Every structure is written in structure tokens, then in C-alpha cells.
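Participant: I would like the atomic coordinates for the input below:
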Amino acid sequence: MHLPGWLIRGLCAPLHDIAHVWFPPHCLLDGTYLGQHPTRVRGISDEALAFHRAAPPSTEIYASIVRHISADDVALSSAHALWSVGRGTTIDAAIHAMKYAGRRNLARELGAWLEHLPGIDELDPDALVVPIPIHPARHRERGYNQAEEIAAGWCASSNRKPLDRSIVRRHKNTSTQTALHEQERLINVASAFHVESPSSLTGRRCILVDDVITTGATVNACATALLEAGAIRVDAVALCVAV
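Facilitator: Sure, this is the predicted structure:
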């Protein structure tokens, strides 16, 4: 039996009110009470994102990558991020939730915030948006790729076009970069990415999208694969940069 929408809403409203009393919603980042007013990112107050510690300017992020990777091996032309992540920051909770707690929609909604990134309009509007791929085994385990969801959110809010995810693959199932030292990170992701259809990239500019840039080893390894396949420029955009 199909129930009309007004009846379903009428039946559910009291349950929602009871749940709100017993389990009042609080911001994932700072724990403040959210009330019943909608926020742009569900479960996070708009103020917590708007006033979170901003990432350093893109020039500083790029300079940091060059300090970790030999200048001759840097494949990126620029790197950009919205927020800083590290000691004393709260955005870590959101990154952890979208990677390990199944918060797929959170990744997409945070991706839409990339429109607030300073200088984002300076990136080529016709560039291909390329989410950093994860290995198929990790995709099966997680059920999704958070970088794809971030890219989808950004593309939906900016009318950019994402690249077909099947074109760039991660054929090396690398261990997590979190606990690795600088040189170990470089070795871990070396030759980890493969372009299935180089003709799709020939002569194109690309923008890599990821959740966090730490030393830049992962985004640079992927940028190297794109340039070797025929891309002429690769920039990187992430929600956060480690500081």
C-alpha cells in the first residue's frame, strides 16, 4: 500500500521530535548544539567550518611539497587546500568519519565547500577533475572512494566535469601513509598509479582532488602518471593540508 507523502511526514514528525530530545544533535567538529536549523554540511555547524583554521596559501603548500620531494621529481604545478589539519585542529574528526565511518555524503558535502577556496577560479575551468584513486581492494572494503565523493561535490557546485574514474587506476595496494616517514611515503606510492586510456589525457590540463595533502607524495605520484600519459599540466586541490 502506498501512503501519501503528507501522511508519512505526519507520522514521522513526532518520532523526529522525540529523537531530537533524547539525542540532541551536536557538531562533529566542536561539539556545539546544532538545534533544528539545517546546516550546509549535515552534522557540522556552518561556523565551525567557516572559522576553522585555514590552510596556508598555495605557494606555501607547494614550497612544502618541494621540501619533501626533489625539485626535479615534482610533477605538480600548484597545490591548494581549504583547511589546516594537525595539532589543535578539529577538522580531523570529519576526515576520519568520511574515510572510516561510512560518511559518504559528508565527503560530497565537504567537497562543495571547495568553492570557498581562495584562488579556485584561477584554475582552468576546462581542466579534467581527477579524484585520487584507491586500490580496488580498499574500495570494496570501504564501499566508496572519498576522493571521488569530494570531487563530485565540488563538480556539482562548480559545473566542472570529473574524469571517468576507470581511466586512472591505483594498481598498487599501498599501505596507509599515515604512519610512514618521508622517504617511506615516496617509496610506498612510487609507480602506484596507471592510466588506462592515455588518449583521454593527451594535451589536457588536470586537477587532482584528495582529502588531505601531507608531504604531497601521493598527489605527486599520481601527477607523474598523468604527465607521462600526455597531460600538459597537473594541479592539486584538497580539503586539508597537514601542518
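Participant: can you pull the contacts of the closest residue to residue 34 other than its chain neighbours?
Facilitator: Of all residues not flanking residue 34 in the chain, residue 25 sits nearest, at 4.3 Å (Cβ to Cβ, 6 or more residues apart in numbering). All C-beta atoms are positioned from the backbone trio N, CA, C, and that covers glycine. Contact partners of residue 25, counting by Cβ atoms under 8 Å, 6 or more residues apart in numbering, are 33-35, 43.
Participant: now swap in residue 44 and tell me
Facilitator: For residue 44, the contacting residues are 27-29, 94, by Cβ under 8 Å, 6+ apart.
Participant: for this structure, what spans make up the strands?
Facilitator: All strands of the chain, identified by DSSP state E, fall at 78-85, 128-131, 168-170, 193-195, 205-213, 233-242.
Participant: could you give the mean pLDDT of the fifth one?
Facilitator: For strand 205-213, the mean pLDDT works out to 96.
Participant: Same question for the first one.
Facilitator: Model confidence over strand 78-85 averages 97 on the pLDDT scale.
Participant: for stretch 28-43, same thing?
Facilitator: Across stretch 28-43, pLDDT averages out at 91.
Participant: quick one: contacts of it?
Facilitator: Residues outside stretch 28-43 that contact it (Cβ under 8 Å, 6+ apart) are 20, 24-27, 44-46, 48-49, 52, 90-91, 93-94, 97, 105-106, 109-110, 112-113.
Participant: Just the buried ones among these, please.
Facilitator: 25, 27, 44-45, 48-49, 52, 90-91, 93-94, 97, 106, 109-110, 112-113 (16 or more other Cβ atoms under 10 Å).
Participant: Residue 79 touches residue 218, doesn't it?
Facilitator: No. The pair residue 79 / residue 218 is not scored as a contact, 11.6 Å apart, by Cβ atoms under 8 Å.
Participant: what residues are up against residue 120?
Facilitator: Contacts of residue 120 (Cβ under 8 Å, 6+ apart): 80, 114, 158, 237.
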